[in-house]
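K.L.:
With the input below, show me the fold.
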Amino acid sequence: MAREEAMLEARPAPARKAPPDRTPAVRDGASPVLQFPPRPTAAATPRQQAAPPPASRDEPPPALVWLLLERLGAPVRRGVLLLLATAALALGVVSEGVRPGTWRRTLRAEFRRTLRQAIAGGLGTVLITACIVGWGIVHQTLTWLSYAGQEGLTGNLLTVVLVREVTPVLVGLILLGRSGTVTVVEFGATKASGQLDVLEAQGLDPFALLVLPRVVALSLACFTLGVIFLGVALATGYMTSWLGGLAQVTPRELLVNLFGATDTAEFALFAVKLVLVGAVVALVCAITGMSSTRAETPSHLLPRGFVRGFLGILATSALLSVAAA
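P.N.:
Residues are numbered from 1 along each chain as shown. Just a heads-up that it's a prediction; the model follows:
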């Protein structure tokens, strides 16, 4: 045993291998550059593989595009909805107004109240405006045609300017300011106070109780005020010319020229324009008031209703004039 242990101690230990030299070979005159093996990259997840490439800086972000389209399309969408609502209510007024059973006592009372308020409230403004228009249009027409020796054209000019265009538009604006604004405020207050829900809960139709008599009353009031406006304008213009010594025709000749230049179609167009302008004013103002929210005050509703009514009056007059041309 002692001999074996002495032989193990005398055996030399195995030499360890030196680690390989990873230093790159350096050429003469060159600085050594360390090179490291590439780091392993993690595999891409399915979400990262499906992610779209980032948008370039030249393309606008999608949110900005949708915001721009919304800003441009919102007024158009509101205008189309207003037109559709006006057409639907007008169809309902025509279909329900011709039925005798629709006009119950409550509707007749509302019709008389609205008609009296519209005619009495707008009569003073109509008279003053007719005097101004008669002096500005009829007097100037008679004066300049008498200078030119063309008094026979008086009826044609007054028919085209005064009867066909000026009277329906001005009377519609007066009705809008005197009665249309009242409709907007009343219907807005009714909607904000919840009275519409109360009427529906009681089984009453708000359209038949509020909208129908008001539309018919304002249509009849607009026609009545239009006839008064035309008569006062003609009388005022002729009196102004006669007092100034410029009238070369008698009142009878003036009326003969006017009625001679105005045929049955012109009178029908005059009446239809006034009736439709009154109906448009009532419908637009009723829709504006009943579509309001509780947070909206009259300071928000009145400008909106006036602008809508003004555009409706101009559009109705222009469309009927083009259709009759």
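
K.L.:
What's the local residue count around Arg78?
P.N.:
11 (other Cβ atoms under 10 Å). Glycine gets a C-beta too; all of them are placed from N, C-alpha and C.

K.L.:
pLDDT at it, what is it?
P.N.:
Arg78 is assigned 84 on the pLDDT scale.

K.L.:
Look up how far Ala315 lies from it.
P.N.:
Per Cβ to Cβ, to the nearest Å, Arg78 is found 16 Å from Ala315.

K.L.:
Kindly report the same for Trp66.
P.N.:
31 Å.

K.L.:
Met239 now?
P.N.:
35 Å.

K.L.:
try Leu123
P.N.:
Taking Cβ to Cβ as the measure, Leu123 and Ala315 are separated by 26 Å.

K.L.:
Neighbour count for the two, which is higher?
P.N.:
When Leu123 and Ala315 are compared for neighbours, Leu123 comes out ahead with 17 against 12, by other Cβ under 10 Å.

K.L.:
Spit out the contact partners of the more buried one.
P.N.:
225, 228 (Cβ atoms under 8 Å, 6 or more residues apart in numbering).

K.L.:
Find the helix or strand that it is a member of.
P.N.:
Per DSSP states H and E, Leu123 falls inside helix 105-133.

K.L.:
how far off helix 105-133 does the strand or helix carrying Val281 point, in degrees?
P.N.:
Using DSSP H and E, Val281 sits within helix 264-290. Per axes from the mean of the first three to the mean of the last three Cα atoms, to 10 degrees, the angle that helix 264-290 makes with helix 105-133 is 120 degrees.

K.L.:
buried stuff in helix 264-290?
P.N.:
266, 269-270, 272-290 (16 or more other Cβ atoms under 10 Å).

K.L.:
ok, for Leu234, nearest residue in space, not its chain neighbours?
P.N.:
Leaving out its chain neighbours, the residue that sits closest to Leu234 by Cβ to Cβ, 6 or more residues apart in numbering is Val138, at 6.0 Å.

K.L.:
now that neighbour: how far from Thr236?
P.N.:
From Val138 over to Thr236 (counting by Cβ to Cβ), the distance is 7 Å.

K.L.:
which one of those two has more residues nearby?
P.N.:
Legend: neighbour count by other Cβ under 10 Å for Val138 and Thr236, higher for Val138 (25 against 21).

K.L.:
so what's that one up against?
P.N.:
Taking Cβ under 8 Å, 6+ apart as the criterion, Val138 is in contact with 158, 162, 233-234, 236-238, 240-241.

K.L.:
Please identify which of those is nearest to Thr297.
P.N.:
Comparing the contacts of Val138 against Thr297 with Cβ to Cβ places Ala233 closest, at 37.9 Å.

K.L.:
host element of the closest one?
P.N.:
Going by DSSP H and E, Ala233 is in helix 212-243.

K.L.:
That helix: how far from the chain's middle?
P.N.:
For helix 212-243, the separation from the chain centroid amounts to 28 Å (computed by Cα atoms, centre = their mean, to the nearest Å).

K.L.:
Does anything pack onto that helix? Which helices or strands?
P.N.:
helix 62-97, helix 105-133, helix 139-148, helix 167-175, helix 251-261, helix 264-290 (3 or more Cβ pairs under 8 Å, 6 or more residues apart in numbering; DSSP states H and E).
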